[in-house]
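Engineer: got a predicted model here, sequence first, then my questions.
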Amino acid sequence: MEAFVVIGNGAAGRSAAEELVRGGAGRVVLIGREHPVPISRPGLMYRAMGAMRITDLELGVPAGVEAVFGEVVAWSPVQRWVELASGRRLAFDHVIWAVGAVARRFPGPVTVPVMHLQSLGDAEALAGAEVRRWAVVGGGLVGAELAEWGRGRGAETHWVVREERLWERWLRREESVALEKRVARHGVRLHLGVELDALAPVLPLPGGEVAVDAVGVAIGVAPAGWPGEWAGAWPGVHAVGDAASWDGAMRAGRNVALRLTGRPELPEPVVREERLRCFDRAVTVLERAQPVAEWGWLDAAQARSLRVGTDAAGRWVRVTAMGWKLRANRVAEVLQQGLSSDQIPVHPLFNEPEGTRLPVDAWSQLQPLPAP
Amino acid sequence: MIRALATGCVAAAFAWNLVANPGLGAELLWLAAWMAAAAVFAAAEARRLPGFAHRPQIRHAHPALRGALALALTSGYAVLYWWPEAVAPVLPAVDDLSWWIRGVDADRWWWYGLAYTMLVLTSGLIVFVRYRHDAYQRRRTAAVTAAQLVFAFLLPSILQGLDAEHAALHRDWKLFWPLDHSFFEPYRLDAMRSGGLLGRAYFFLGLFLFAVVAPVATYFYGKRWYCSWICGCGGLAETAGDAFRTLSSSTPRSWRWERWLIYPILAWITVATAVVVGGYLAGVDRIGPVAIYPVFTRPYAFAVGALFSGVIGVGFYPLLGNRIWCRFGCPLAAYMGLVQRFASRFKVSTEAGGCIACGACTLHCEMGIDVRAYAMKGEDVHRAACVGCGVCAEVCPRDVLRLESTPEGRIWRLHPEAKSPPSAK
């Protein structure tokens, strides 16, 4: 019976361990250093906001997996053991490094308290923190969460974003403007196109200097110190993870387990998916390929939009929705099957309560959009 | 803006009470009693207002505070049920209103009904504002508060005034046995028999609601049609109790407790009612040496009807969440739950692969269903307990949950040759 040791009990590690047991692997040990059992990382925001306790984040240990709490301080890929800080040594036939990512640190000088939102420790620190004047650096999803956290504390909140507009990777200019208005309505002062060289108690922002108690830094993540290059260097040593997304990490974890138990890996998803949230606005993007033409609808007053991109044959290849509840799996099905508007009913694509007015009754109501 | 609106709603709730109850003496006492009850709920509510997020929500409040809130509520109920003299001094405060509506002095149950209805209405306003983005929540809150005001309070009160001779006959129109556990008690049956056409109408309405409306409506819509759209207990839970919803335990152990309590209670009231009705039809009040009332009727009325549904059902909101009664005790919920579990179109559908396991749904489920566990596996939630409040779907950041009561395939035809819905697992 082979022994598997999975180091890191995040999304990738947990799903790898679960899939190993499902595949009939022998002894599976899941080592975590952050918390004894796997936790939900997307739920950390709720912990930071004070809405959840740590126990609410716990996902439970998959049946048949032995969970071990501790930090790996030494290992031997040749003699095949890992050693924990407690001195306990675990032998393995296969080890899977799945230690995830850490928040990227601010690259310049820092002379003000800085907070991140990546680990359980970060969330705990935020949950216990008090701020009156708060700035957030970084225009991504976590930046939006940290800005929301500041407003939840009743703090004067400044959100500093390097890009010229919000979420330009996913949204058109009009949509970004609508989203920015929405953010302003929540009392956040948004500073676009600003790049700070240093984080100090007084920040030089457009419109004057701003004094802050602390700064939230959300400028992405970097792979944690896992020895990725070692994977494959010795038999039985594997590394897995996806620092950027929960879904990607789960898939990667399952795939390595499927491979190790001699089963076919999951196919790459045909439709890529991004689901983001900025305060009360949800943005959903599903994409199979780059569109050649795009149709859309935007209600600037309510900051809701819907866009459909098609290929040359008029088949849907991308759907972008802001402020609407989409039934993403059905939209993905539509994109995957390569259907065109006349084959796609409107209502089933939305997850809105019955009676809600939808952006369009028929796809012909969407207006052609100029090339971005 | 939102903070101002929410604070305004709380202020309006208190202003409402001041306007509705002017005067001195008994009025002040009544006001104090009502304000004390409202303050308990306001204490929980205030912790959810924007700007107060740095204070722990009621879920994380010190156990001593939650214990004190629970003690205050249970004491209030104990006084109401078993110490009527203590309630008597405040009754004159609402005599005028009682005379105006139904032509008699207020009694303690009418007084309680008024206080309960006001609490549902004022808290309903706050909940309406909180979930204003969601059409389902807006409609549901409007329906459940209106049902309390009209069917449980105004209609019976007005009919009591118009038909003073049969005043005892006019009760909450939601005559659902087994929730209305005394429906088949001899004194109620006698009142309905002697109540002329209206009395007989009440009798058949009660039978019809229990035997036809409850199972049929539950088949089509799930038990939410009653539990979170009409019911008075649900009305309080969904409005004043909303701040307590995150206290409902979602552990497998509490699910076991749920099953070991609610179904025996349903069996208990079924047996007790069968005996009572049998005795009534046979014209006897004993079965051999066993007297029916003290053995079959009174224990249930005390233990379940008063202690569980009232004192514990509301009093323990700050300890066990806002649906303790509905989840662990209500025999009507058990009955409709069985229909929902085994023969209903209703389900909370989840989107396979869409869940990021954040846990907001499980945290907000007032019935303690671990929705996340289903969503992570992409399984639909078919649970007897679900009251279809829809808050799980409302709080889901990825919009992967949906309350459905339409048979799959009927609304979804991607293209004509599709045999089954593409969303099916």
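Structural biologist: Nice, thanks for sending it over. Numbers count the residues shown, from 1 in each chain, chains lettered A, B, ... in the order given.

Engineer: need phi/psi at A:Ala51.
Structural biologist: phi -90, psi -20 (degrees, to the nearest 10).

Engineer: number of nearby residues for it?
Structural biologist: As a burial measure, the neighbour count of A:Ala51 was computed by other C-beta atoms under 10 Å in any protein chain shown and equals 24. Quick note: C-beta positions are derived from backbone N, CA and C, even for glycine.

Engineer: thought it was touching B:His364?
Structural biologist: No. With contacts counted by C-beta atoms under 8 Å, A:Ala51 stays clear of B:His364, the gap being 9.4 Å.

Engineer: tell me which residue of the stretch 151-300 of chain B lies closest to chain A.
Structural biologist: Relative to chain A, the nearest point of the stretch 151-300 of chain B is B:Thr246 (7.6 Å; C-beta to the nearest C-beta).

Engineer: shouldn't that residue be within a helix?
Structural biologist: Yes. When classified by DSSP: H, G, I helix; E, B strand; the rest coil, B:Thr246 is found to be part of a helix.

Engineer: and the gap between it and A:Ala184?
Structural biologist: B:Thr246 sits 30 Å away from A:Ala184 when distances are taken as C-beta to C-beta, to the nearest Å.

Engineer: the more surrounded of those two?
Structural biologist: Shown here are B:Thr246 and A:Ala184; by other C-beta under 10 Å, B:Thr246 has more neighbours (23 against 12).

Engineer: pLDDT score for that one?
Structural biologist: According to the per-residue confidence, B:Thr246 scores 89 in pLDDT.

Engineer: what's the helix or strand of chain A with the lowest mean pLDDT packed up against?
Structural biologist: Comparing helices and strands within chain A by mean pLDDT, DSSP states H and E singles out strand A:221-223 as the least confident, with a mean of 85. Secondary structure elements in contact with strand A:221-223, counted by 3 or more C-beta pairs under 8 Å, 6 or more residues apart in numbering or on different chains; DSSP states H and E, are strand A:101-103.

Engineer: quick check: next helix or strand after the strand it packs on?
Structural biologist: Towards the C-terminus, the helix or strand next in line after strand A:101-103, according to DSSP states H and E, is strand A:114-115.

Engineer: that following strand pairs with which strands?
Structural biologist: Partners of strand A:114-115 in the sheet, by DSSP bridges, are strand A:214-217 (parallel).

Engineer: distance from the chain centre to the strand it pairs with, please.
Structural biologist: 19 Å (C-alpha atoms, centre = their mean, to the nearest Å).

Engineer: hang on, the earlier thing: shared neighbours of A:Ala51 and B:His364, which are they?
Structural biologist: Where contact means C-beta atoms under 8 Å, 6 or more residues apart in numbering or on different chains, the residues bridging A:Ala51 and B:His364 through contact with each are B:Thr246.

Engineer: pLDDT below threshold where in the chain?
Structural biologist: Reading this off chain A. Under the criterion of pLDDT under 70, the regions of chain A flagged as low confidence span A:225-231, A:242-244, A:300, A:302, A:353-356.

Engineer: ah, no, chain B please
Structural biologist: Applying pLDDT under 70 to chain B flags the ranges B:1-60, B:407-425.

Engineer: which helix of it spans the most residues?
Structural biologist: Identified as the longest helix of chain B according to DSSP state H is helix B:252-282.

Engineer: which parts of the stretch 1-150 of chain A are strands?
Structural biologist: For the stretch 1-150 of chain A, the strands identified by DSSP state E, counting those that start in this stretch occupy A:3-7, A:27-32, A:65-69, A:72-76, A:81-84, A:89-91, A:94-97, A:101-103, A:114-115, A:133-137, in order along the chain.

Engineer: okay if I get those strands as a markdown table plus mean neighbour count?
Structural biologist: Written out in a markdown table, the entries for the strands of the stretch 1-150 of chain A read as follows (neighbours: other C-beta atoms under 10 Å in any protein chain shown):
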| stretch | mean neighbour count |
| --- | --- |
| strand A:3-7 | 25 |
| strand A:27-32 | 23 |
| strand A:65-69 | 19 |
| strand A:72-76 | 15 |
| strand A:81-84 | 18 |
| strand A:89-91 | 16 |
| strand A:94-97 | 26 |
| strand A:101-103 | 19 |
| strand A:114-115 | 18 |
| strand A:133-137 | 25 |
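
Engineer: got CSV for those, with distance to B:Pro294 too?
Structural biologist: As requested, those are arranged in CSV below (distance: least, C-beta to C-beta, whole Å):
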stretch, distance to B:Pro294
strand A:3-7, 63
strand A:27-32, 59
strand A:65-69, 55
strand A:72-76, 68
strand A:81-84, 65
strand A:89-91, 66
strand A:94-97, 67
strand A:101-103, 68
strand A:114-115, 65
strand A:133-137, 66
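
Engineer: which of those sits closest to B:Ser98?
Structural biologist: strand A:133-137 (53.7 Å; C-beta to C-beta).

Engineer: what comes into contact with the closest one?
Structural biologist: A:106, A:143, A:146-147, A:150, A:153, A:155-160, A:196, A:199, A:203, A:210-219.

Engineer: quick check: can you name the pairing partners of it and their directions?
Structural biologist: strand A:156-161 (parallel), strand A:214-217 (parallel).

Engineer: let's have the ones you listed in a markdown table, adding mean neighbour count.
Structural biologist: Below are the strands paired with strand A:133-137 laid out as a markdown table (neighbours: other C-beta under 10 Å):
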| stretch | mean neighbour count |
| --- | --- |
| strand A:156-161 | 25 |
| strand A:214-217 | 25 |
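
Engineer: dump the ones you listed into JSON lines; add distance to A:Ala67 as well.
Structural biologist: What follows is these, written out as JSON lines (distance: least, C-beta to C-beta, whole Å):
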{"stretch": "strand A:156-161", "distance to A:Ala67": "38"}
{"stretch": "strand A:214-217", "distance to A:Ala67": "31"}
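
Engineer: nearest to B:Tyr112, of these?
Structural biologist: strand A:156-161 (45.6 Å).

Engineer: how near is the residue nearest the centre of chain A to chain B?
Structural biologist: In chain A, the C-alpha closest to the average C-alpha coordinate belongs to A:Ser245, at a distance of 4.3 Å (C-alpha atoms, centre = their mean). Noted for A:Ser245: a distance of 9 Å to chain B, by C-beta to the nearest C-beta, to the nearest Å.
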